[in-house]
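Enquirer: here you go, sequence then predicted model.
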Amino acid sequence: MRSLAAGHGSQDTASMPKQVTDIKQFLEIARRKDARAAHVKRTLTKTGSTQTKFKVRCARYLYTLVVDDKEKAEKLKQSLPPGLNVKDVGVKGKATRK
């Protein structure tokens, strides 16, 4: 008999997020029935470019797609399903000192 407390249980992996690298696969996930909400987060990198993260909450996993191109990110945001609750988090970056 195995113990679930030893780290072999299925709950350890069920709460982990999944990163998706293909845009088409991410859109298929966003169109699923169990997709509840999407978050769009823009961050400034150290080099000054903008990185956009798309996060879709489904029943089991939180799926994340990272896009570095600003135009692709805008197209992807427009192509998200209209029934999906999309929340725009905005631009996060370094705080300027006074």
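Expert: It's in. Note that this is a predicted model, so its numbers are computed, not measured.
Enquirer: what pLDDT, on average, does stretch 51-61 get?
Expert: Here stretch 51-61 scores 96 as its mean pLDDT.
Enquirer: tell me where this protein has strands.
Expert: 18-19, 37-44, 50-57, 62-67, 85-92 (DSSP state E).
Enquirer: in the sheet, who's paired with the residue nearest the centre of the chain?
Expert: Geometric centre of the chain, nearest residue: Lys55, 1.9 Å, by Cα atoms, centre = their mean. Counting by DSSP bridges, Lys55 is bridged to His39, Thr64.
Enquirer: ok, and the closest non-adjacent residue to Lys87?
Expert: Closest residue in space to Lys87, ignoring its immediate chain neighbours: His39 at 5.1 Å, by Cβ to Cβ, 6 or more residues apart in numbering. In this view, the C-beta of every residue, glycine as well, is placed from N, C-alpha and C.
Enquirer: tally up the residues packed near the one you found, please.
Expert: 16 (other Cβ atoms under 10 Å).
Enquirer: tell me the contacts of it?
Expert: Neighbour list for His39: Lys53, Phe54, Lys55, Arg57, Val86, Lys87, Asp88, Val89 [criterion: Cβ atoms under 8 Å, 6 or more residues apart in numbering].
Enquirer: please tell me how far the third one sits from Val67.
Expert: Taking Cβ to Cβ, to the nearest Å as the measure, Lys55 falls 12 Å from Val67.
Enquirer: same deal with Phe54?
Expert: 7 Å.
Enquirer: again with Ala38
Expert: From Ala38 to Val67 the distance is 13 Å (Cβ to Cβ).
Enquirer: which residues do these two both contact?
Expert: Phe54.
Enquirer: hmm, Leu62 is touching Lys55, no?
Expert: Yes - with contact defined as Cβ atoms under 8 Å, Leu62 counts as touching Lys55 (5.9 Å).
Enquirer: for the two, list the residues in contact with both.
Expert: Joint contacts of Leu62 and Lys55 (Cβ under 8 Å, 6+ apart) are Pro17.
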